[in-house]
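Q: Here you go, sequence then predicted model.
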2 protein chains.
Amino acid sequence: MYNILVGQSGGPTAVINSSLYGVIKEALDTPDRIDTVYGMINGIEGFLGGKVIDLTQYSKEQDLSLLKTTPASFLGSCRYKLPEDLEAEVYPAIFAKFQEMSIGAVFYIGGNDSMDTVSKLSRYAEKVDSDIRFMGVPKTIDNDLILTDHTPGYGSTAKHVATTVREIILDAGVYEHPVVTIVELMGRNAGWVTAASALARTDYDRNPMLIYLPEADFEPAAFIEDVKQALKEQSSVVVCVSEGISDKNGKFICEYGSDAGVDGFGHKMLTGCGKVLEQMVKKEIGCKCRSIEINLPQRCSAIIASLTDIEEAQSAGSFAVKKALEGCTGQMITFVRGEGEYTMTCGMEDVNKICNQEKKFPAEWITNHGTDVAPRFLEYVKPLIQGESKVPFADGVPQYLMPAYKK
Amino acid sequence: MYNILVGQSGGPTAVINSSLYGVIKEALDTPDRIDTVYGMINGIEGFLGGKVIDLTQYSKEQDLSLLKTTPASFLGSCRYKLPEDLEAEVYPAIFAKFQEMSIGAVFYIGGNDSMDTVSKLSRYAEKVDSDIRFMGVPKTIDNDLILTDHTPGYGSTAKHVATTVREIILDAGVYEHPVVTIVELMGRNAGWVTAASALARTDYDRNPMLIYLPEADFEPAAFIEDVKQALKEQSSVVVCVSEGISDKNGKFICEYGSDAGVDGFGHKMLTGCGKVLEQMVKKEIGCKCRSIEINLPQRCSAIIASLTDIEEAQSAGSFAVKKALEGCTGQMITFVRGEGEYTMTCGMEDVNKICNQEKKFPAEWITNHGTDVAPRFLEYVKPLIQGESKVPFADGVPQYLMPAYKK
């Protein structure tokens, strides 16, 4: 009998709270093994500052099943990197708090950087011979974690991108005159999100006619030729690009137009390759051109979330609790796809193998000299976007659960 | 017994096709008075080029009721301004085509500039003693047409803005550290769309804490003070601004950062006041700041369309046909709100009084020295966003009717 602790970290997704719900529900359904479920507010950083909520108590006051359709991080988030040096004084401080709260297992829901946190805490536990279990529950719209078929959050973003780009194609096609529409999508290093724009195609419109991912070198001169060629075929050309496209020298296209800052993890902050390409088209081709950055809605919109994604995200959280109770630690939950018709089961992999690695979009799925994606990708992604979320509305607007950090 | 002709013009909306459906359905339901329903492809400009579709025939091949949930202009659009001089040779050319096709009534679905087209054609008809009827069916997300309570298209955009801003507020609130999020919304001269962001507020989050409309002078120094004050109250501050905000000298804020072009109607092309404000906050306050332009999705997303708006848009199209059959011409359909609990009936007004006029957001509804909107506005807008659209999905993506211009 012990208490458990759950936290969320990194950028929010449409379904990160569904994984949280999976953890809470599984724990509440195991009252003989788990006493109280605590939530860290603002991840490990907030926890260090003493910010904790009793989720068992909270579940008596609020219908937490609303978490399944509430986007963004219910517990709040952080971008806090634990020190590489396991001798650092922060580790005993954290573990003292764990002990004080009788924590037997910690669940951390997040992406790459969050798995780094799970890795360090589990290694420290081993070092000090603690039997606290540390489990990572994956979350990232980027789909860039290795050793898993896909990540919770990606299916909903893929569905959002497919839907939004299909609507933009309709909007952009209404005029007779040539027009180029550049849609900039998320993805610093991996093209998974942008590739999903291929799902927007219909049998009557080949748009998006051009799709550029960060995994292929982007050559401005070739781009202009590609657009000119596309304009010969259709008067409205929609181009989808990842924010992180770069040229053969590794220079980001967004840097052609502006300076770039750096975030807490040393990542380059990218904005605006769409604007750079818009200017390029106006200058080199001279036709009407508009760029659109889909921005936050592609990760935080719950309205167009994938039901498959919501359910899988919940199962990942639930599976993590089951496995921790079996004594597993230092593991990240993975998704394993079955053969033939789509089935998905949860698995586990050593979190140390996963953190700080990136799964790129496969080179063999990039076609037409870097301007399109292969049908094989569509077979891969389609099962992930099936089913529609049922967000409850009241008085015309969606009803989302009040974040715990607002309590 | 005559044929009718219907066209769409100007920027698309989520429900412009619902009005088109209203026109077609009413006409098909009146087979004793109306023979064939023709559609102009790409508005009056395409019609001049001979682009016409037989919608009566098309309705036998396709389920046109899908028009009610299909965004953007099914018939295509144009931004073509008829000459002011009614002696210009284009007028007899157009009327010869009308006669050739036995057109008895023309329905033009659009905004301000489209009503200008209806005005000119009806005045020319009067001049040459033609008995062809010309009816305007309003359409604009901007809600800036006078003599009508509101316009079809506005309710869906208001609902989209309320929903998307609520989701952005959740996403932007997850970190502990101060962050300012600037959301730039459509509206060159009228603040109706941006004002709808107030619908995103909840009892647990005052965001968007600041709302700036084009109808109030925007003062950069006051803005910075407003943001500083807001940051004292909440660590996450969301600011919603209209693209067309300008300072007391009439200079657009977006012009602080970039040059502005001009479209075919002499309107200034605006982009980027959000980016300008983002830079201002970073420079003057120094906290994390991000700007988001909602862009096309706020007008072309059908997923979050308002059911009330869809139904009202259809009724406007239907009412226009009924009134043309009664002999009315040179009129635009209006919405008349009843007293007490929300009811809406269609009315009519002389299109000449409406075209080239703009209904601004009322000064008395702008509060807190130009940083908020009055509760009276919320009472006005809430009925317009009620009810959710039911977009059919197949294979995970929305199914929209193939545009007629693709046929």
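A: Looks like it arrived, so ask away. Residues are numbered from 1 along each chain as shown, chains lettered A, B, ... in the order given.
Q: Which residue ranges of the stretch 151-300 of chain A form strands?
A: A:179-185, A:210-212, A:236-242, A:288-293 (DSSP state E, counting those that start in this stretch).
Q: Hmm, residue A:338 and residue A:344 touching each other?
A: Yes - with contacts counted by CB atoms under 8 Å, residue A:344 reaches residue A:338, the gap being 7.2 Å. For glycine as for every other residue, the C-beta is placed from the backbone atoms N, C-alpha and C.
Q: More neighbours: those two, which one.
A: Between residue A:344 and residue A:338, counted using other CB atoms under 10 Å in any protein chain shown, the more crowded position is residue A:344 (18 against 10).
Q: among the strands of the stretch 151-300 of chain A, which is the most enclosed?
A: Ranked by mean neighbour count, the strands of the stretch 151-300 of chain A are led by strand A:236-242 with a mean of 28 (mean count of other CB atoms under 10 Å in any protein chain shown).
Q: That strand near chain B at all?
A: No - applying CB under 8 Å from any CB of the partner chain, one finds strand A:236-242 separated from chain B by no less than 10.0 Å.
Q: what angle separates that strand from strand A:179-185?
A: Angle of strand A:236-242 versus strand A:179-185, following axes from the mean of the first three to the mean of the last three CA atoms, to 10 degrees, is 20 degrees.
Q: Tell me which other helices or strands strand A:236-242 touches.
A: In terms of contacts (3 or more CB pairs under 8 Å, 6 or more residues apart in numbering or on different chains; DSSP states H and E), strand A:236-242 is packed against helix A:154-172, strand A:179-185, helix A:192-195, strand A:210-212, helix A:220-233, helix A:273-284.
Q: ok, that strand: who's next to it in the sheet?
A: strand A:179-185 (parallel), strand A:210-212 (parallel) (DSSP bridges).
Q: So what touches it?
A: The contact list for strand A:236-242, computed with CB atoms under 8 Å, 6 or more residues apart in numbering or on different chains, reads A:165, A:168-169, A:172-173, A:175, A:178-188, A:190-191, A:193-194, A:197, A:207-214, A:218, A:227, A:230-231, A:253, A:273-274, A:277.
Q: Buried only: go through these for me.
A: A:165, A:168-169, A:172-173, A:175, A:178-188, A:190-191, A:193-194, A:197, A:207-214, A:218, A:227, A:230-231, A:253, A:273-274, A:277 (16 or more other CB atoms under 10 Å in any protein chain shown).
Q: Give me the mean pLDDT for stretch A:251-258.
A: Averaging pLDDT along stretch A:251-258 gives 82.
Q: With just CA atoms, put it into PDB.
A: The C-alpha coordinates for stretch A:251-258 follow below in PDB (Å, rounded to 0.1, in the frame of the first residue of the first chain):
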ATOM      1  CA  LYS A 251      20.500  26.800 -42.400                       C
ATOM      2  CA  PHE A 252      16.900  27.100 -41.300                       C
ATOM      3  CA  ILE A 253      14.700  28.700 -44.000                       C
ATOM      4  CA  CYS A 254      13.100  30.900 -41.200                       C
ATOM      5  CA  GLU A 255      16.600  32.300 -40.600                       C
ATOM      6  CA  TYR A 256      16.600  33.600 -44.100                       C
ATOM      7  CA  GLY A 257      14.200  36.200 -42.800                       C
ATOM      8  CA  SER A 258      14.700  36.700 -39.200                       C
END
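Q: Near chain B, which residues of the stretch 301-407 of chain A are found?
A: A:301-304, A:306, A:382, A:385-388, A:393, A:395-398, A:400, A:402-403, A:405-406.
Q: which SS state does the closest residue to residue A:34 other than its chain neighbours fall under?
A: Setting aside the residues directly before and after it, residue A:34 is nearest to residue A:27 in space (CB to CB, 6 or more residues apart in numbering or on different chains), at 4.5 Å. Following DSSP: H, G, I helix; E, B strand; the rest coil, residue A:27 is assigned to helix.
Q: so what's the backbone phi/psi at the closest residue to residue A:191 other than its chain neighbours?
A: The shortest distance from residue A:191 to any residue other than its chain neighbours is 2.7 Å, reached at residue A:213 (CB to CB, 6+ apart). For residue A:213, the backbone dihedrals (degrees, to the nearest 10) come out as phi -110, psi 160.
Q: and what of residue A:346?
A: phi -80, psi 150.
Q: burial measure for the closest residue to it other than its chain neighbours, as a count.
A: Counting by CB to CB, 6+ apart, residue A:346 lies nearest to residue A:319, which is 3.9 Å off, once chain neighbours are set aside. Close neighbours of residue A:319, defined as other CB under 10 Å, add up to 23.
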